[in-house]
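1. When you get a sec, could you give me coordinates for this:
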Amino acid sequence: MPQPLFTELATHAIELAKLFALFVANPPIPTAGGVFAVELMTPHGPSTGGGAQARQHIRFVHGDLTIVVGSLDQVAAVIELRGYDHLAELFARRWQRDLPFARAAYEAFVLRVRAFGRSQQYAIIIKEVAPPVEPLASPRGRWLLPVASVLALIAAAVVAVAQY
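-> Predicted structure coming up:
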């Protein structure tokens, strides 16, 4: 069976993932219970939809635990990573525990990514702050705006009828 033909962007994404594996993925990220493998994801098919699906996630994988730490966008030529504190906050929100790897190991990884990005002429963005958690709207106040709107319409109708 013939191999599918890949678009230029998809082929480049696969080549970037191979380079990333050579220059960034080693050494893996150590933890108390083993190591996290470092991966740059490749496209799920032979095309990236003209670049619309060209973002490649950077992730740490250990057993069944996967942590997305950033992304590479070859169309925009940008690598975006979460800073350690940002990553720790997001991980704690989801798993209610601390990150399973040390700051020093993560910072060494970030240095390797920076060197890789420079070699590929990519801008590097480190997101330091996790987005705030939006509180759920209180059900007590939800009725106020619709009721006020209906009362305003009724009042406008009464005034319009009274003017006739």
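2. Quick check: Ala104 is in a helix.
-> Yes: the assignment for Ala104, made by DSSP: H, G, I helix; E, B strand; the rest coil, places it in a helix.
3. How many residues are close by it?
-> Using other Cβ atoms under 10 Å, Ala104 has 10 neighbouring residues. Heads up, the C-betas are built off the backbone N, CA and C, glycines and all.
4. Would you mind measuring from Arg82 to Ser71?
-> Noted for Arg82: a distance of 10 Å to Ser71, by Cβ to Cβ, to the nearest Å.
5. Look at the two and report which has more neighbours.
-> When neighbours are counted by other Cβ under 10 Å, Arg82 and Ser71 differ, and Arg82 comes out ahead with 25 against 18.
6. In contact with the more buried one, which residues?
-> Contacts of Arg82 were listed using Cβ atoms under 8 Å, 6 or more residues apart in numbering, and they are 69-70, 90, 126-127, 130.
7. Please report how far the residue nearest in space to the middle of the chain lies from Phe109.
-> Nearest residue to the geometric centre of the chain (Cα atoms, centre = their mean): Gly70, 5.8 Å. Between Gly70 and Phe109 the distance is 10 Å, computed by Cβ to Cβ.
8. cool, Leu90 as well?
-> For Leu90, the distance to Phe109 (Cβ to Cβ) stands at 16 Å.
9. So these two - more neighbours on which side?
-> The residue with more neighbours, out of Leu90 and Phe109 and counting by other Cβ under 10 Å, is Phe109; that gives 24 against 17.
10. The more buried one against Ala37, yeah?
-> No: under the criterion of Cβ atoms under 8 Å, Phe109 is not in contact with Ala37, lying 11.7 Å apart.
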